[in-house]
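Student: Model the structure of this input:
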Amino acid sequence: MNLLMALEAAKARSMARLAEYTASRVPLSRVPAQIAAAQALVGPDPFPYGLAANQPTLDALLGWAQAERRNRSALAAREAVCAADAEPGAGLTLLAAPPLRAGVLPGSSYHIAQGCHTMPIRSVLHLACMLLALIGAGAHAAPGDAVTELAPTGRLRAAINFGNPVLAQRRTDGTAQGVSVALAQELGRRLGVPVDLVPFNEAGQVFAAARSGGWDVAFLAIDPVRAAAISFTPPYVVIEGAYLVLQASPLHAPEDADRDGARIAVAEGSAYDLYLTRTLHHAALLRFPDTAAATKAFMQQHLDSLAGVRQPLVAFAATHPEARVLPGAFMQIEQAMGTPQGPTRPVRCSCAPSWRR
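Tutor: Next up is the predicted model:
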């Protein structure tokens, strides 16, 4: 509601300024004609709020994305979002939409600023749908069963995986920031419960803690092995798994890495470790406790390649000229929210079925 009030206030000020021109004591002959032309083009309201008012524009934008192969499948605006006014109490659901690859549209590429690795993973299309659907939507309290299922202790314990710096980072004071943190805090706000961030250095540690009840919600890549213990939402972003090699390496493409005698360093339990375990036929995986240890071993032992998330590898190569990142990806990593399965934690949350894959 605070966002709606701010936008309504900004809109009122803008409309007031237009009125000042039309009522000015100084004749401004061109202004009335320009205003009339603008109103004829965009209508009397230049800032329409809500999904209904903007659906033709959003459908055209999403249609363009499909035609340009920016999106995996045809998608209408109403399918991309669930506006609160469409179903009382439904709130806003973005996770029903097929994910878009990060970086395919302007404004969603990976950025490096002052040594902090961040990537705005919500694509332009999803962000536009979210904002337009959110405007005018009233705040609704979460159903009681949602709170019971997602935060049974009355507090939401959110696992934060610092092993993926694209989604979570440590500030200089040790506190957490990033997309995962923002999602956890927003979920806690909607549930009306406090949020406790539970830090982990690697995704494998998050997965291990799922069976012991160490957290209530986590942000991980979807994988069949993990799905045995974690119930996932549909993915909200797709990022790439890539290889880092030394400059003198004969490797030129991801498929070159799987050859007899090759050694590939990975962080144990990571999404790419699980994927490569299933798909490699010739190369050997060398597993290390975390990404830092895998990177150190790759450099010191001159291993054939290091598997990881593309963005951190690109950042590493930028400061280590003796290394380079192979073009292309060996896997698409689908990032999602997840809750642990168990006798007291159902596989599907009946109160929010769209949050479960």
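
Student: Run through the residues that contact the closest residue to residue 262 other than its chain neighbours.
Tutor: Spatial nearest neighbour of residue 262, excluding adjacent residues (Cβ to Cβ, 6 or more residues apart in numbering): residue 283 at 3.9 Å. C-beta here means a position set from N, CA and C on the backbone, and glycine is covered the same way. Shown in contact with residue 283 (Cβ atoms under 8 Å, 6 or more residues apart in numbering): 257, 258, 259, 260, 261, 262, 263, 264, 304.

Student: just the buried members of those?
Tutor: Buried members of those, scored by 16 or more other Cβ atoms under 10 Å, are 257, 258, 262, 263, 264, 304.

Student: so the second one makes contact with residue 284?
Tutor: No. In terms of Cβ atoms under 8 Å, residue 258 does not count as a neighbour of residue 284; the distance is 10.2 Å.

Student: Just the terminal-to-terminal distance for stretch 293-310.
Tutor: 17 Å (Cα to Cα, to the nearest Å).

Student: Packing partners of whichever strand or helix holds residue 275?
Tutor: Assigned by DSSP states H and E, residue 275 belongs to helix 271-279. The contact analysis (3 or more Cβ pairs under 8 Å, 6 or more residues apart in numbering; DSSP states H and E) places helix 271-279 against strand 237-246, strand 263-267, strand 284-288, strand 305-309, strand 331-340.

Student: Identify all contacting residues around that helix.
Tutor: In contact with helix 271-279 (Cβ under 8 Å, 6+ apart) are residues 203-204, 220-221, 223-226, 241, 258, 264, 266-267, 285, 287, 307-309, 330-331, 333.

Student: what about the stretch 101-250 of the chain, any weak spots by pLDDT?
Tutor: 101-144 (pLDDT under 70).

Student: Strands along that one, start to end?
Tutor: 111-113, 116-118, 156-161, 169-170, 176-177, 195-200, 217-221, 230-232, 237-246 (DSSP state E, counting those that start in this stretch).

Student: Which other helices and strands does the fourth one contact?
Tutor: It stands for strand 169-170. strand 116-118, strand 176-177.

Student: name the helices or strands packed onto the last one?
Tutor: The criterion is 3+ Cβ pairs under 8 Å, 6+ apart, and the helices and strands that strand 176-177 contacts are strand 169-170.

Student: again, only using 6 Å
Tutor: Helices and strands touching strand 176-177, by 3 or more Cβ pairs under 6 Å, 6 or more residues apart in numbering; DSSP states H and E: there are none.

Student: Let's have the strands of the stretch 101-250 of the chain in JSON lines, adding mean neighbour count and distance to residue 337.
Tutor: Converted to JSON lines, the strands of the stretch 101-250 of the chain look like this (neighbours: other Cβ atoms under 10 Å; distance: least, Cβ to Cβ, whole Å):
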{"stretch": "strand 111-113", "mean neighbour count": "11", "distance to residue 337": "24"}
{"stretch": "strand 116-118", "mean neighbour count": "17", "distance to residue 337": "19"}
{"stretch": "strand 156-161", "mean neighbour count": "24", "distance to residue 337": "9"}
{"stretch": "strand 169-170", "mean neighbour count": "16", "distance to residue 337": "18"}
{"stretch": "strand 176-177", "mean neighbour count": "16", "distance to residue 337": "16"}
{"stretch": "strand 195-200", "mean neighbour count": "18", "distance to residue 337": "13"}
{"stretch": "strand 217-221", "mean neighbour count": "26", "distance to residue 337": "6"}
{"stretch": "strand 230-232", "mean neighbour count": "22", "distance to residue 337": "7"}
{"stretch": "strand 237-246", "mean neighbour count": "22", "distance to residue 337": "11"}
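
Student: Could I get those in a markdown table, plus columns for distance to residue 296?
Tutor: Listed next are the strands of the stretch 101-250 of the chain as a markdown table, based on distance: least, Cβ to Cβ, whole Å:
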| stretch | distance to residue 296 |
| --- | --- |
| strand 111-113 | 21 |
| strand 116-118 | 18 |
| strand 156-161 | 20 |
| strand 169-170 | 19 |
| strand 176-177 | 24 |
| strand 195-200 | 20 |
| strand 217-221 | 23 |
| strand 230-232 | 29 |
| strand 237-246 | 12 |
